[in-house]
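[1] generate a structure from the sequence data that follows.
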Amino acid sequence: NVILVSDPHTPFDWPTNEFEVHMESPSFSVIGTSSPGFPGFWGSTNRYVAGAGTANHPDTYDSYLEEVDGDRYKYEGSWHPLREREEVFKTSDGIEIRSTIQYTHHGPLLLKDGKRYISVRPVGNDKIHSVITAALKRMRAKSVDDIKESLGDLQMQTGNIVAGDVDGNILYVYNMVQPIKDESLIWEKPVDGTKAKTEWSGYFGMDRIPHIKNPSSGWLQTTNDAPRFATLPVDAVKVDFPDYTHANKEQQGLRGQRIVHLLDKDDSITLEEMKGYAMDTYVQMAKYVVPGLLKALDGYTGTDQDVIDAREILQEWDYFADKDSKGMTIFWYWWKEYGVIKGDPSSILLFTADEEKEMRSALERVVETMNDYYGTVEKKWGDIHVLDHRPSVGLSGGDRKWSLNGGLTTLLLRNTERFEEGIGYVSSGSSRVSIVELGDPIRVYSIMASHNDRDSKYAEASDIRYGNEEFKEIFFEKEDVLTVVDKTVELSYTGYE
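    Numbering: from 1, shown residues only. Predicted coordinates:
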């Protein structure tokens, strides 16, 4: 069976910016996540297909140097009238700010560079986009081929898409709407808006968009990386695009390296194993950095026993960010103190003498800080790494604090964005992890970081599951749903006038 894992990284806000929903109609029955105001799904599962996506980073706009004289602009030696439109912006206190925006045929004039203006042309601005139409097609899909066809309309401008179906097929698409442009120009800078040479000549079709179906490896992954890292062997996904698209410029991130390692070494992955992979807390960054730090500490000539003890803890650490890990606590503090490693950590083999000196100094400062907060360097990660529900904003869970695994480039991503009095509060990261097995029957499981009913027993149950990494099952059939609900509410409407 195909198994699909989805793990979007969003803030743990209340009301949450995503919620779980089951939508049923005569033409589809879909489970997934949506957002307020959007009548569709970001990631969804029906009785035939499951799909999800991540962000990608193709080129999404171009800028043009425009020659402007009063209310006109020059193009191919002739003057043309600027189009004007009044925009009204409302402030939070109700004040209206009116502004007249001028346009060339490329787009609005936003900046002035000396005597010339710069206009901006968003990719796809000349197309009619309907994310809802594309989402509806995916909701009704019965195969990964239907998913691919839904993207062929070029309704969605960006996003890596992965999907699988009940027949065992899997699909990856580096989805993007990309114009065909003159490759002799440097599109990373503003181009000459007065020349026809800078015009687009249509869009690339699905036949050119990077994608692959049923790779020989048997698996696909996307962690915001370039298409060439979607499976093994590297470059199995063909990219036939000019450099200006930026379609293959992203490097493989640390999380991508980890998931490729897990998938490549396992020839037969069970549902329970996949749950474990989704909850993986291995700190890939530490694999590259800690050996260098330990080597630097070989040059430590001081007598502070806490520094010596911290080194021993790091020496014995298995690089997992688990609640009971003391090594993760020291490494996290050291990483904050030392600063970001320049370049790709996976490519660093040696540090300079000056870098090693600063690495030792940073650890000495970490020891001092930890002693100030805790009186020891032997502090468990789960004691200082907790779920943040900021009661001042009324988030789910009130002032309850739940100890968390993960963090700092782990697959189970938990971002510590607020630190007070020795406690790191996690407020974003793996906001909803879902796992789908497309068997008979289809099985759907998820955990969420927040709950819309902040004061109820459901919010507390959701927090406990999230903190303990306990998946709940989501049922497809109505009779199964009714066995676990407390109450039902029937809504009706009389139609629209």
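
[2] how about the helices of the chain, start to end?
    Residue ranges of the helices in the chain, as given by DSSP state H, are 131-139, 144-151, 254-264, 271-278, 284-297, 305-316, 326-338, 353-374, 381-384, 457-468, 478-481.

[3] what packs against the second one?
    To tie it back to what came earlier, the one meant is helix 144-151. Counting contacts by 3 or more CB pairs under 8 Å, 6 or more residues apart in numbering; DSSP states H and E, helix 144-151 packs against strand 49-54, helix 131-139, strand 158-165, strand 170-176, strand 211-213. Glycine gets a C-beta too; all of them are placed from N, C-alpha and C.

[4] how about that helix: buried residues?
    Buried residues in helix 144-151, counting neighbours by 16 or more other CB atoms under 10 Å, are found at 144, 146, 147, 148, 150, 151.

[5] again, but for the third one
    Counting neighbours by 16+ other CB under 10 Å, one finds that the buried residues in helix 254-264 are 254, 255, 256, 257, 258, 259, 260, 262, 263.

[6] circling back to that earlier point, any chance of CSV for the helices of the chain, columns mean pLDDT and distance to residue 121?
    Below are those laid out as CSV (pLDDT from 0 to 100; distance: least, CB to CB, whole Å):
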stretch, mean pLDDT, distance to residue 121
helix 131-139, 79, 20
helix 144-151, 92, 23
helix 254-264, 94, 32
helix 271-278, 95, 40
helix 284-297, 93, 38
helix 305-316, 97, 51
helix 326-338, 95, 41
helix 353-374, 95, 44
helix 381-384, 94, 48
helix 457-468, 77, 43
helix 478-481, 84, 48
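
[7] what sits against the spatially closest residue to residue 108 that is not a sequence neighbour?
    In space, and not counting its chain neighbours, residue 108 is closest to residue 101: 5.1 Å by CB to CB, 6 or more residues apart in numbering. By CB atoms under 8 Å, 6 or more residues apart in numbering, the residues touching residue 101 are 84, 85, 86, 87, 108, 109.

[8] is it true that the last one touches residue 118?
    Yes: A contact is recorded between residue 109 and residue 118 when judged using CB atoms under 8 Å, the distance being 7.2 Å.

[9] anything in contact with each of the two?
    With CB under 8 Å, 6+ apart, residue 109 and residue 118 have common neighbours residue 66.

[10] below-threshold pLDDT in the protein: ranges please.
    13-17, 39, 126-131, 340-349, 388-400, 450-459, 493-497 (pLDDT under 70).

[11] bridged to the residue nearest to residue 108, which residues?
    Taking DSSP bridges as the rule, residue 101 bridges to residue 85.

[12] thinking again about what came up before, for residue 185, find the nearest of the helices and strands packed on helix 144-151.
    Closest of the helices and strands packed on helix 144-151 to residue 185 is strand 170-176, at 19.4 Å (criterion: CB to CB).

[13] got the angle between that closest one and helix 131-139?
    On the basis of axes from the mean of the first three to the mean of the last three CA atoms, to 10 degrees, strand 170-176 is oriented at 170 degrees to helix 131-139.

[14] partner strands of strand 170-176 and their direction?
    If you go by DSSP bridges, strand 170-176 pairs up with strand 158-165 (antiparallel), strand 211-213 (antiparallel).

[15] mind checking which of these is nearest residue 3?
    From the strands paired with strand 170-176, taking CB to CB, the stretch that ends up closest is strand 158-165, at 7.8 Å.
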